[in-house]
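S.K.: just coords:
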């Protein structure tokens, strides 16, 4: 998959700066055109005046709080109808140097990927084009005394899907179907299905042939995590047609500490396994 025009700024260092003890350490702006800026307002809503702006690619932002306020524990126990009834979320953000601060709509924010959450200390990559060594990927336990938090798991899930696309490279003869790769990326059930009844289409692009591009993996904007299942979306443009690859991840309970794994990949009209 390395031959694809893949936009994956996912091996980028970020500063650690916990604000309230929950959530990722750093955030960046997403979904803003390169010739535009993100308005930063005096309060949580468009009825408040704009007091600052963040660049379309602003990074290393620190989150102070968001409204409506809820923790991951609250989020995980709320029913889907309760979540749908909440108003759009706004977050009080500031730059790392504290020169700018204000409220922005959460839909324009995403956790700034921390390479250590996928590879750990000393296992990170310095260059985007470097070949992914699957042996360096951390297990990300979802149960047990060392279970990761919800935010950490979401961030790891995003990195895991990004690493899957970067790993898959037909030009080097490397594929996610290699015997060594599925144990890192996929659940036991998914791995067994790949070996017993491999799909006719490439699971990463949803087709047999490819000419186009693949976007950076992103947590589902409406429901990134629900009852332990994490959803990561990838936009695929293939021969002029656009569709979304939906990756579902959760703890694989067949392995110690139930490490986070991909258990299903969905496209419009079909899924695997």
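M.R.: Looks like it came in fine. Computed from a predicted structure; not experimentally measured.
S.K.: switch to C-alpha atoms for all contacts and neighbour counts from now on
M.R.: OK.
S.K.: report how many residues lie close to the closest residue to residue 207 other than its chain neighbours.
M.R.: Closest residue in space to residue 207, ignoring its immediate chain neighbours: residue 201 at 4.7 Å, by Cα to Cα, 6 or more residues apart in numbering. By the measure other Cα atoms under 10 Å, the count of residues near residue 201 is 11.
S.K.: check residue 201 and give its pLDDT.
M.R.: On the pLDDT scale, residue 201 is placed at 82.
S.K.: what's the answer for residue 132, then?
M.R.: The predicted local confidence for residue 132 is 62.
S.K.: surely residue 161 meets residue 217?
M.R.: Yes: if you go by Cα atoms under 8 Å, residue 161 and residue 217 touch, sitting 6.7 Å apart.
S.K.: name the residues contacting each of the two.
M.R.: Any residue near both residue 161 and residue 217 by Cα atoms under 8 Å, 6 or more residues apart in numbering counts here, and that gives residue 232.
S.K.: in the stretch 51-200 of the chain, which spans are helices?
M.R.: Along the stretch 51-200 of the chain, counting by DSSP state H, counting those that start in this stretch, helices occupy 72-77, 80-85, 116-119, 150-167, 182-185, 188-196.
S.K.: of those, flag the one that's most buried.
M.R.: Comparing the helices of the stretch 51-200 of the chain by mean neighbour count (mean count of other Cα atoms under 10 Å), helix 150-167 ranks first with a mean of 24.
S.K.: mind giving me the packing neighbours of it?
M.R.: Judged by 3 or more Cα pairs under 8 Å, 6 or more residues apart in numbering; DSSP states H and E, helix 150-167 is in contact with helix 116-119, helix 182-185, strand 218-219, strand 229-238, strand 260-267.
S.K.: to residue 90, which of the ones you listed lies closest?
M.R.: Comparing the helices and strands packed on helix 150-167 by their distance to residue 90 (Cα to Cα), the top pick is strand 218-219, with 17.4 Å.
S.K.: per-residue confidence averaged over the closest one?
M.R.: 84.
S.K.: and it, how far from the chain's centre?
M.R.: 4 Å (Cα atoms, centre = their mean, to the nearest Å).
S.K.: so what touches it?
M.R.: Here strand 218-219 makes contact (Cα under 8 Å, 6+ apart) with 154, 158, 230, 231, 232, 233, 234.
S.K.: need those in JSON lines with pLDDT, can you?
M.R.: Formatted as JSON lines, those follow (pLDDT from 0 to 100):
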{"residue": "154", "pLDDT": "89"}
{"residue": "158", "pLDDT": "88"}
{"residue": "230", "pLDDT": "94"}
{"residue": "231", "pLDDT": "95"}
{"residue": "232", "pLDDT": "92"}
{"residue": "233", "pLDDT": "90"}
{"residue": "234", "pLDDT": "87"}
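S.K.: filter the residues you listed down to the buried ones.
M.R.: Among these, those buried by neighbour count (16 or more other Cα atoms under 10 Å) are 154, 158, 230, 231, 232, 233, 234.
S.K.: nearest to residue 188, of those?
M.R.: The nearest one, if we look at the buried ones among the contacts of strand 218-219 relative to residue 188 and count by Cα to Cα, is residue 230, at 17.1 Å.
S.K.: please name the bridge partners of the closest one.
M.R.: residue 225, residue 249 (DSSP bridges).
S.K.: please name the residues that touch it.
M.R.: So residue 230 contacts 154, 157, 219, 224, 248, 249, 250 (Cα under 8 Å, 6+ apart).
S.K.: what about the fifth one, neighbour count?
M.R.: Read that as residue 248. Residues within reach of residue 248, counting by other Cα under 10 Å, total 20.
S.K.: distance of it relative to residue 264?
M.R.: According to Cα to Cα, to the nearest Å, residue 248 stands 5 Å off from residue 264.
S.K.: what about the protein, any weak spots by pLDDT?
M.R.: 1-25, 71-77, 80, 111-133, 179-182 (pLDDT under 70).
S.K.: many thanks, I have nothing further to ask.
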